[in-house]
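S.K.: Sequence first, predicted coordinates after that:
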2 protein chains.
Amino acid sequence: MAHRTPLLTSATLDGECGATIMLKSESFQRSGSFKFRGAYNRLSQLTDRERVAGVVAYSSGNHGAAVALSARLLGIPAVIVVPATASALKLAAIAGYGAQLRSYDPATERREEVAAAIAAERSLTIIRPFDDYAVMAGQGTVGLELADQAGQLDLVLAPVGGGGLIAGVATAVKGLQPGVAIIGVEPEGAGDTSQSLRAGHRVAIGEPATIADGLRASQPGELTFPINARLLADVVTVPESAIIETMRFCFTRLKIVIEPSGAVALAALRAGLVPAVGRVGVVLSGGNIDPADFAGLLAS
Amino acid sequence: MAHRTPLLTSATLDGECGATIMLKSESFQRSGSFKFRGAYNRLSQLTDRERVAGVVAYSSGNHGAAVALSARLLGIPAVIVVPATASALKLAAIAGYGAQLRSYDPATERREEVAAAIAAERSLTIIRPFDDYAVMAGQGTVGLELADQAGQLDLVLAPVGGGGLIAGVATAVKGLQPGVAIIGVEPEGAGDTSQSLRAGHRVAIGEPATIADGLRASQPGELTFPINARLLADVVTVPESAIIETMRFCFTRLKIVIEPSGAVALAALRAGLVPAVGRVGVVLSGGNIDPADFAGLLAS
């Protein structure tokens, strides 16, 4: 059901980094990000009774859109809990996939509690954004395809928010090629996994502050963290300026649209925060950004 | 030497148009547009003596970049004649490929004459942007690949400036699949080929006025026009608003960067100016646009 997304290459990029860089471009995935893989995998494993009742998810972004699209494809009713402050454009995308929107006030309500209340009231299944093995397994198909398309790899870089994408990718890639180093990348203002790895346990940071709206997790997942602690060689952080510069590079040189969260892994490589050697797979995780927001970021 | 560019598809687009749309995305070509194909083919056919002396081309845009890159790959000296008013960014791209820049004042000098004078003085070969069979043949490889990747086609749409791209594409596609209708698309403000086809001979229009800077030809080519008059089913024109709307669609839905000239063929289809039936190949001819110019157009 998911698209097999292309592996893009660029002679300019290889020259700049001194390595062979292969970009797994999930911006071309259905719903515009890798999130479709995990959401569809999770929803396709519901029982008949669960399917009839429906699902609920909390997200105004890529997870919300991915659950909404997956639910439509499977004929499952879906409620997406979104902040009242979310952009009209993102809400239109979710509503366009046929999901029911339920807004909440982020100043006075917690989205997990809103979703839990709706789930209890209507017997809906909650679809978590990352802390779920079926979701992680779905995201892991990014890694399966990458290993198949790229052949032997030396290094794989992927963004880290709650840690579901990289947990799935690391499991898949290291299962096939045990010698590959997997390195995660977070924005400097949302370095919860980086700090947790150094502390040796899950730590919560204050309010995450980054333009990478898909990576604003304040704590690693309960299920994702042990996997990542075991499989990742490292998690590094990148400054906002490097994210914007890489979005610009993707636009002007690669001619592709990458959202801030989608650009962090390549930004770390281009900024020299991770040494590039040999054959490097990089996950560009999504391309959902409003043109006006894009213009604003690049002008900043 | 040229990239075999991908054929992109979109369920959204197919639903909107009621046909199977396949997008031949030359935005992913070397130098960012189809122009590399024609320039490289032409330069690779120079004699040894011509190679040593070098080449000259007049263009501040895609043809200039394509000749500069082709010349570098073949080890041929290149001079690109550019207007003094050209954007610093485009000039940097051409200079980045190692070509020598020669600027002229568009208010007082004609670029063809500047190039001819340099060519005569230094025994350089002039590389014309479209009115050259080797250039047309190179552009025709877009059609060869399209026919191979798409299988049986009913309709092919491509942009028309001087007419070199579509002459090559029509020759290739109709050579392989004689029943395919080939339709060209021009901006309303640069409809010289459309008007010439109706007149039955080449007519010159006044100063072309369009945001599609690669399609600002005021008269069809002497060599391209007879081919196009014989092979094209029609040439239609699109308003500027449809071009911008399609650039926005490519950004928000397809996650690709398409310049105004590159968007006209898809714009004609999406605006209903060409009836979409069956299997339709559409050439997205290039993706070279400065992010600030892109933002300005989409905000207009």
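M.R.: Received, thanks. Predicted, not measured: the structure shown is a model, and the values here were computed from it.
S.K.: Burial check on the residue in the stretch 1-150 of chain A that chain B sits nearest to, number of neighbours?
M.R.: In the stretch 1-150 of chain A, the residue found nearest to chain B is A:Ser27; the distance is 4.3 Å by Cβ to the nearest Cβ. Where you see a C-beta, it was placed from the backbone N, CA and C, and this is true even at glycine. By other Cβ atoms under 10 Å in any protein chain shown, the residues close to A:Ser27 number 26.
S.K.: Model confidence at it, what's the number?
M.R.: Listed pLDDT for A:Ser27 reads 97.
S.K.: Just say helix, strand or coil for it.
M.R.: Here A:Ser27 takes the helix state, with states given by DSSP: H, G, I helix; E, B strand; the rest coil.
S.K.: Please tell me how far it sits from B:Phe36.
M.R.: According to Cβ to Cβ, to the nearest Å, A:Ser27 and B:Phe36 sit 24 Å apart.
S.K.: go on, A:Ser25?
M.R.: In this view, A:Ser25 and B:Phe36 are 22 Å apart by Cβ to Cβ.
S.K.: Looking at those two now, which is surrounded by more residues?
M.R.: B:Phe36 (27 against 23).
S.K.: Show me which residues of chain A sit near chain B.
M.R.: Neighbours of chain B within chain A, by Cβ under 8 Å from any Cβ of the partner chain: A:6, A:27-28, A:32, A:248, A:251-252, A:255-258, A:287, A:290-292, A:294-295, A:298-299.
S.K.: ok, then the element right after whatever helix or strand A:Val282 lives in?
M.R.: If you go by DSSP states H and E, A:Val282 is part of strand A:279-284. Next along the chain after strand A:279-284, taking DSSP H and E as the criterion, comes helix A:291-299.
S.K.: ok, back up a step: how about the residue of the stretch 1-150 of chain A closest to chain B, what does it touch?
M.R.: Residues in contact with A:Ser27 (Cβ atoms under 8 Å, 6 or more residues apart in numbering or on different chains) are A:Thr5, A:Ser33, A:Ile256, A:Val257, A:Ile258, A:Glu259, A:Gly262, A:Leu284, A:Ser285, A:Gly286, A:Gly287, B:Lys255.
S.K.: Distance to B:Gly96, neighbour count and pLDDT added to these, as a markdown table?
M.R.: Converted to a markdown table, these look like this (distance: Cβ to Cβ, whole Å; neighbours: other Cβ atoms under 10 Å in any protein chain shown; pLDDT from 0 to 100):
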| residue | distance to B:Gly96 | neighbour count | pLDDT |
| --- | --- | --- | --- |
| A:Thr5 | 29 | 22 | 96 |
| A:Ser33 | 32 | 27 | 97 |
| A:Ile256 | 20 | 24 | 98 |
| A:Val257 | 23 | 26 | 98 |
| A:Ile258 | 22 | 30 | 98 |
| A:Glu259 | 27 | 29 | 97 |
| A:Gly262 | 26 | 34 | 98 |
| A:Leu284 | 24 | 30 | 98 |
| A:Ser285 | 29 | 31 | 98 |
| A:Gly286 | 30 | 32 | 97 |
| A:Gly287 | 26 | 26 | 96 |
| B:Lys255 | 26 | 26 | 97 |
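S.K.: what's the farthest-apart pair in those?
M.R.: A:Thr5 and A:Glu259 (14.9 Å; Cβ to Cβ).
S.K.: I'd like to check what contacts the strand holding A:Val282. Which residues are they?
M.R.: Contacts for strand A:279-284 (Cβ under 8 Å, 6+ apart): A:7, A:17, A:19-27, A:34, A:142, A:146-147, A:150-159, A:165, A:169, A:173, A:250, A:256, A:258, A:262-263, A:265-266, A:269.
S.K.: So what are the sheet partners of it and their directions?
M.R.: Next to strand A:279-284 in the sheet, as set by DSSP bridges, lie strand A:20-25 (parallel), strand A:155-159 (parallel).
S.K.: circling back to that earlier point, distance of the residue of the stretch 1-150 of chain A closest to chain B relative to B:Ala292?
M.R.: From A:Ser27 across to B:Ala292, the span is 22 Å (Cβ to Cβ).
S.K.: Repeat that for A:Gly191.
M.R.: 32 Å.
S.K.: Those two - which one has more neighbours?
M.R.: A:Gly191 (22 against 13).
S.K.: Quick check: the more buried one vs A:Ser241, distance?
M.R.: Counting by Cβ to Cβ - A:Gly191 and A:Ser241 are separated by 16 Å.
S.K.: Can you name the element that comes right after the stretch of helix or strand A:Arg72 belongs to?
M.R.: Counting by DSSP H and E, the element that carries A:Arg72 is helix A:62-74. Using DSSP H and E, the helix or strand that directly follows helix A:62-74 along the chain is strand A:78-83.
S.K.: quick one: the least confident helix or strand in chain A by mean pLDDT to chain centroid distance?
M.R.: In chain A, no helix or strand scores lower on mean pLDDT, DSSP states H and E than helix A:88-96, which sits at a mean of 85. For helix A:88-96, the distance between its averaged C-alpha position and the chain's averaged C-alpha position is 19 Å (Cα atoms, centre = their mean, to the nearest Å).
S.K.: neighbouring contacts of that helix?
M.R.: Applying Cβ under 8 Å, 6+ apart, the set of residues contacting helix A:88-96 is A:Ser60, A:Gly61, A:Gly64, A:Ala65, A:Ala68, A:Ile80, A:Val82, A:Leu101, A:Asn288, A:Asp290.
S.K.: now with 6 Å?
M.R.: For helix A:88-96, the surrounding residues in contact (Cβ atoms under 6 Å, 6 or more residues apart in numbering or on different chains) are A:Ser60, A:Gly64, A:Ala65, A:Ala68, A:Ile80, A:Leu101, A:Asp290.
S.K.: residues touching the fifth one, list them.
M.R.: The one in question is A:Ile80. By Cβ under 6 Å, 6+ apart, the neighbours of A:Ile80 are A:Ala57, A:Gly64, A:Ala68, A:Ile94, A:Ala99, A:Leu101.
S.K.: Please report the distance of the residue lying closest to A:Ala190 once chain neighbours are set aside from A:Gly191.
M.R.: Excluding its sequence neighbours, the residue lying closest to A:Ala190 (Cβ to Cβ, 6 or more residues apart in numbering or on different chains) is A:Pro208, at 3.8 Å. From A:Pro208 across to A:Gly191, the span is 9 Å (Cβ to Cβ).
S.K.: repeat for A:Ser87
M.R.: 26 Å.
S.K.: ok, now A:Ala233?
M.R.: 16 Å.
S.K.: and if you look at A:Leu269?
M.R.: 18 Å.
S.K.: Then A:Val264?
M.R.: According to Cβ to Cβ, A:Val264 and A:Gly191 sit 11 Å apart.
S.K.: ok, now A:Phe249?
M.R.: For A:Phe249 relative to A:Gly191 (Cβ to Cβ), the value is 23 Å.
S.K.: what's the answer for A:Ala229, then?
M.R.: 15 Å.
S.K.: Identify the residues contacting whichever strand or helix holds A:Asp148?
M.R.: Using DSSP H and E, A:Asp148 sits within helix A:133-150. With contacts defined as Cβ under 6 Å, 6+ apart, helix A:133-150 is touched by A:4, A:7, A:22, A:24, A:34, A:37-38, A:41-42, A:45, A:164-165, A:167-169, A:171-173, A:176, A:281.
S.K.: Any chance of the backbone angles for the closest residue to A:Ile127 other than its chain neighbours?
M.R.: Distances taken as Cβ to Cβ, 6+ apart put A:Ala57 closest to A:Ile127, at 4.4 Å, once the chain neighbours are dropped. A:Ala57 adopts backbone torsions of phi -140, psi 150, taken as degrees, to the nearest 10.
S.K.: Chain neighbours aside, what residue packs nearest to the residue of the stretch 1-150 of chain A closest to chain B?
M.R.: Using Cβ to Cβ, 6+ apart, the nearest residue to A:Ser27 is A:Gly287, at 2.9 Å.
S.K.: Just list the residues touching that neighbour, thanks.
M.R.: A:Ser27, A:Gly32, A:Val257, A:Ile258, A:Glu259, B:Lys255.
S.K.: Many thanks, we can stop here.
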